[in-house]
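# need the 3D shape of this:
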Amino acid sequence: MKIALIAHDKKKDDMIALAIKYKDVLSKHELYATGTTGTLVMGETLLKITRMKSGPLGGDQQIGSMVAEGKLDLIIFLRDPLTSQPHEPDVSALLRLCDVQSIPLATNVKSAEIMLRQLEQTGAL
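Numbering: from 1, shown residues only. Next up is the predicted model:
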C-alpha cells in the first residue's frame with residue numbers, strides 16, 4: 001500500500017510516536033510525507049519515506065494531487081483542530097479529495113491505530 005503521513009506542528013511528536021510503535025507495519029509499505037513530518041519520522045525510525053514539500057509550502061497540495069490521481073491508499077493526517085492553519089484551504093481540499101476518492105483518512109492517533117492494526121493483521125484495509 002501507498003501511505004501518506006502528515007502532521008501539524010503540535011502533532012508531530014504524536015506522529016513520531018505512532019511511527020515508532022508501528023514501524024514494522026509501516027516498513028512493509030511505500031511511504032510518503034510532507035517535508036518536515038517526513039524528516040522527523042525518518043530521523044527517529046530510519047523508515048524510507050519519499051518527502052514532499054512542507055505542508056504550508058505546497059506539500060498538502062502535492063499529497064492531494066496524488067490522491068486525485070489514485071496514487072495513495074491511506075492517509076494518516078494528524079491534525080491540530082485547535083490551532084488556525086495558514087494553509088487551511090489546502091487542508092480542506094485534501095480532506096475533500098479523500099472523501100471523493102474514497103481514500104481512508106485517519107485524522108487522529110486512535111483512528112490511525114485502528115487502520116494500522118488492520119494492516120498489521122490482514123495486510124489490507
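
# please enumerate the helices of this structure.
12-21, 23-26, 35-45, 59-68, 88-101, 109-122 (DSSP state H).

# tell me which residues in the shortest one are buried?
Burial within helix 23-26, assessed by neighbour count using 16 or more other C-beta atoms under 10 Å, is assigned to 25-26. The way it works is simple: take the backbone N, C-alpha and C, and place the C-beta from them, glycine included.

# can you dump the C-alpha coordinates of that helix into PDB?
Taking C-alpha atoms only, helix 23-26 is exported to PDB below (Å, rounded to 0.1, in the frame of the first residue of the first chain):
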ATOM      1  CA  LYS A  23       7.400   0.800  12.400                       C
ATOM      2  CA  ASP A  24       7.200  -2.900  11.500                       C
ATOM      3  CA  VAL A  25       3.800  -2.400   9.800                       C
ATOM      4  CA  LEU A  26       4.900   0.900   8.000                       C
END
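
# what's it packed up against?
Using 3 or more C-beta pairs under 8 Å, 6 or more residues apart in numbering; DSSP states H and E, the elements in contact with helix 23-26 are helix 109-122.

# in the helix it packs on, what counts as buried?
Neighbour-count burial for helix 109-122 flags 109, 112-113, 115-116, 119 (criterion: 16+ other C-beta under 10 Å).

# pick the most deeply packed of the helices of the chain.
Among the helices of the chain, the stretch with the highest mean neighbour count (mean count of other C-beta atoms under 10 Å) is helix 59-68, at a mean of 21.
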